[in-house]
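1. need a 3D model of the sequence below.
(chains A, B and C, ligands or ions: 2)
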Amino acid sequence: MPIPAGAPIVVSVNGLVKSFGPHRVLNGVSFDVRRGEVVVVLGPSGSGKSTMLRCVNFLETFEGGTITVDGAPVGYRSDGQGRRRMLDEKMVAENRERVGMVFQSFNLFSHRTVLQNVMMGPVSVQHRDKSEVRKQALELLEKVGMAEKADQYPARLSGGQQQRVAIARALAMRPAVMLFDEATSALDPELVGEVLRVMRELATEGMTMVVVTHEMSFAREVADRVIFMDGGAIVEQGVPHEIMANPQTERFRSFLGTDRPDRGARIA
Amino acid sequence: MSISVLLANLPYLFQGAVVTLWLAFIVVTAGTLLGAIVGTIASGGGRILRAIVTAYVFIFRGIPVLVVMFLGFYTFPALGIRLSAYAAVTISMIVYVGAFVTEAVRGAIAAVPAGQVAAAKSLGMRRLTMLREVVLPQAARLAIAPILNISLMAIKQTSYASVVGAWELSFAAREIVERTLAAFQIFLGVMMIYFLICYPISLLANFCERKLSFDH
Amino acid sequence: MDWSQFGSFAARYLPQLWNGMLVTIAVAALAAPTAVAIGVVLTVPRVAGWRLLSGFVRAYIEVMRNTPLLVQMYLLFFGLPILGIFWDEITCGVLAVSLQHAAFLSELIRSGIAAVSPKQWEAGQAIGMRRWAVFRQIILPQAAIKVMAPVSNQLIVLVKDTSLVSAIGVLDLTLSGKVIIERSGASFEVFILVAALYLILTSVIGAGFRISEARFTRRLG
Ligand SMILES: Nc1ncnc2c1ncn2[C@@H]1O[C@H](COP(=O)(O)OP(=O)(O)OP(=O)(O)O)[C@@H](O)[C@H]1O
Ligand SMILES: [Mg+2]
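-> Ligands and ions are numbered 1, 2, ... in the order given. As a prediction, the model looks like this:
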């Protein structure tokens, strides 16, 4: 389903520059994500995909460029004289509420049950009514197929189950956009499908998503747009069936070529 | 050499043991509280605060507790604060134990996995919320065994209070020995009393070390 | 006290304290190797798996771990004469400190050895080495690296614990401070000097341990 060009922009990244010490990791990355759009980010290891996602949630500082989510600046604002000022903690936290993030390593709170994990954000951050949150949390757990494990602790769950709970936890905040950083990379092959299925469902429901993944089939079949990153910059982007069938650069071609067929063939 | 002298003096020793238990209880509770607060603040605080806490920990972990007790014993009166030997020892030990607990708490907080913090942040938690909901509950688990071991150390160290002149179990033992000259029986008996106090705690510490260090 | 005069104050009492410091160093220098030696001996039955002896060692360790060093020292110093054994205060002090720390050291060494993967034993035996050879050439060097840091820490605790010999009359750094205050009427700042000297002693020793640890690990690791 094509995203109308007039749909409002949810995430806007402009000239993003980020270094770790002397090592420049992001070198002027720019792209917009419109409401309802699913953007899949591809790229070789070390190309800066995770770092870029983490910047959108301001889990990393960055030294150049701007990011906005729902129009609000992420991390920095410019003061009257055009200097960059870091936003205060409150503003940073408010921005993060609008952004849901799913990590490669799940990062469920190990001291809380599944249900408590999902309820924690809405209750302790958004101060929403507990019984209402509970109802919503159970619905979300139902949706990701984890309702019957609501009272278990994360350590007792498989990786795939943990990741589905992590998705529910992020959704409970009612974010404007969901970021997935290699959500299936840490999973045993037989568990990848159950997580991808949830992600597909979200996409069809119209959730705005930025997905870093190595799952080529997911990119091909779910993405509205594919971005290929290499060396801290966007090298190619476009509609998946066009650019993946017909890569314009040697780097993207060899990236697609080296992708192991067993990974690409896996379908949720 | 008979054991009857020990039996005859057991009631007096038990009085001393009660004082020892009280002293240990106050020192361990207050020291743990102090260390938990200082350790938590230091983990979140700025550079200057961290440096001050580092100095506190470094200094008190680097000198013998007996010297800290003497320091308290001689310093308070010199500053015009009249305290009993008992009070001076208690305060000194609280500060001393606090330094050890501070270190344990800092270590436990630092050991909370970075992913947990990233997840908390990405939910929009601010520092205090994150501390309350995620960091402290997880750090507490990791800190329990070290704090129990510190408590064990502190209980044994309360006996040093007798050197500074505070009356407790060891002091009582020395009084009895001076009277009866039955040093061997009395000190052996006193060791047994200390053992009865300490052994359950060291069993608990061992248990927690095994149970709480790994994620179930 | 007028802190501008702290310098002359320090100069007045430092020589006396320095003598005490030398005694403290001497006690520690005697007790540390003794404790390590006893600790190693205590470890042998447990590593070798001699059931009865290990049982005794474990009981010994529990007693040492769960009773105060001060009372142990009193038992040696005041109690042994009743059995007809007369040792001077330095001997009793050094012995008490050694016996207590030997227990902790043995426990550290044992867990260091246990922490070397059992696969290493199998690997050694697979290439035809005898048990003892495997232990000496494969297990021990790896265990040594693992236990260096905890053993160093324990020995620093030992240095601090030597202050208890003051309680049976050894004129060490702690007792020197007390004597100066009570005999020459000096003020409490003497104990700030005492504390500072202990702090210097433990940090110098700690730094020494860290340096040799780094060397040792580089050579063996
Ligand atoms: N915290 C950090 N400190 C220093 N360097 C870092 C840090 N995090 C990432 N880097 C470096 O930044 C570069 C980009 O890393 P990033 O994790 O963003 O890559 P990626 O595209 O997500 O790779 P992968 O597919 O392996 O996850 C890498 O060279 C990495 O070594
Ligand atoms: Mg990555």
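2. ok, which stretches of chain A are strands?
-> A:9-20, A:23-34, A:38-42, A:64-69, A:72-73, A:76-78, A:84-86, A:99-102, A:177-181, A:209-212, A:225-230, A:233-238 (DSSP state E).
3. got the contact list for the third one?
-> Just to be clear, that refers to strand A:38-42. A:31, A:33, A:49, A:52-53, A:203, A:207-214, A:216, A:218-219, A:222-229, A:240, A:255 (Cβ atoms under 8 Å, 6 or more residues apart in numbering or on different chains). C-beta coordinates here come from the backbone N, C-alpha and C atoms, glycine included.
4. contact partners for the residue nearest to C:Ile138 when sequence neighbours are not counted?
-> Once flanking residues are discounted, C:Ile138 sits nearest to C:Gly124: 4.6 Å by Cβ to Cβ, 6 or more residues apart in numbering or on different chains. By Cβ under 8 Å, 6+ apart, the contact set of C:Gly124 is C:133-134, C:137-139.
5. can you get me a residue count around residue 53?
-> No chain in the question, so chain A it is. Applying other Cβ atoms under 10 Å in any protein chain shown, we find 23 residues neighbouring A:Leu53.
6. try chain B instead
-> The number of residues near B:Val53, taken as other Cβ under 10 Å, comes to 20.
7. element containing it, please.
-> Applying DSSP states H and E as the criterion places B:Val53 in helix B:47-62.
8. ok, now C:Ala35?
-> Judged by DSSP H and E, C:Ala35 forms part of helix C:6-48.
9. kindly export the next helix or strand after that helix (C-alpha atoms) in PDB.
-> Later in the chain than helix C:6-48, the nearest helix or strand by DSSP H and E is helix C:51-65. C-alpha atoms of helix C:51-65 as PDB (Å, rounded to 0.1, in the frame of the first residue of the first chain):
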ATOM      1  CA  ARG C  51      37.700 -36.300  52.900                       C
ATOM      2  CA  LEU C  52      38.500 -36.400  56.600                       C
ATOM      3  CA  LEU C  53      41.200 -33.700  56.500                       C
ATOM      4  CA  SER C  54      39.000 -31.500  54.300                       C
ATOM      5  CA  GLY C  55      36.300 -31.800  56.900                       C
ATOM      6  CA  PHE C  56      38.700 -30.500  59.600                       C
ATOM      7  CA  VAL C  57      39.900 -27.700  57.300                       C
ATOM      8  CA  ARG C  58      36.300 -26.600  56.600                       C
ATOM      9  CA  ALA C  59      35.500 -26.600  60.300                       C
ATOM     10  CA  TYR C  60      38.600 -24.600  61.000                       C
ATOM     11  CA  ILE C  61      37.700 -22.100  58.300                       C
ATOM     12  CA  GLU C  62      34.200 -21.700  59.600                       C
ATOM     13  CA  VAL C  63      35.500 -21.000  63.100                       C
ATOM     14  CA  MET C  64      38.000 -18.500  61.900                       C
ATOM     15  CA  ARG C  65      35.400 -16.800  59.700                       C
END
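10. check chain A for its longest helix and report it.
-> Counting by DSSP state H, the longest helix found in chain A is helix A:189-204.
11. what is that one packed up against?
-> Under the contact criterion of 3 or more Cβ pairs under 8 Å, 6 or more residues apart in numbering or on different chains; DSSP states H and E, helix A:189-204 touches helix A:159-171, strand A:209-212, helix A:216-222.
12. B:Leu33 should be in a helix, yeah?
-> Yes. Counting by DSSP: H, G, I helix; E, B strand; the rest coil, B:Leu33 is part of a helix.
13. roughly how far does it sit from chain C?
-> 24 Å (Cβ to the nearest Cβ, to the nearest Å).
14. give the contact list for the residue nearest to the spatial centre of chain C.
-> Centroid check for chain C by Cα atoms, centre = their mean gives C:Leu158 as the closest residue, at 3.1 Å. C:Leu158 makes contact with C:28, C:31-32, C:35, C:97, C:101 under the criterion Cβ under 8 Å, 6+ apart.
15. is it possible to get TSV of those residues that adds distance to C:Val147 and pLDDT?
-> Shown next, in TSV, are these (distance: Cβ to Cβ, whole Å; pLDDT from 0 to 100):
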residue	distance to C:Val147	pLDDT
C:Ala28	20	97
C:Ala31	19	97
C:Ala32	15	97
C:Ala35	14	97
C:Val97	20	98
C:His101	14	97
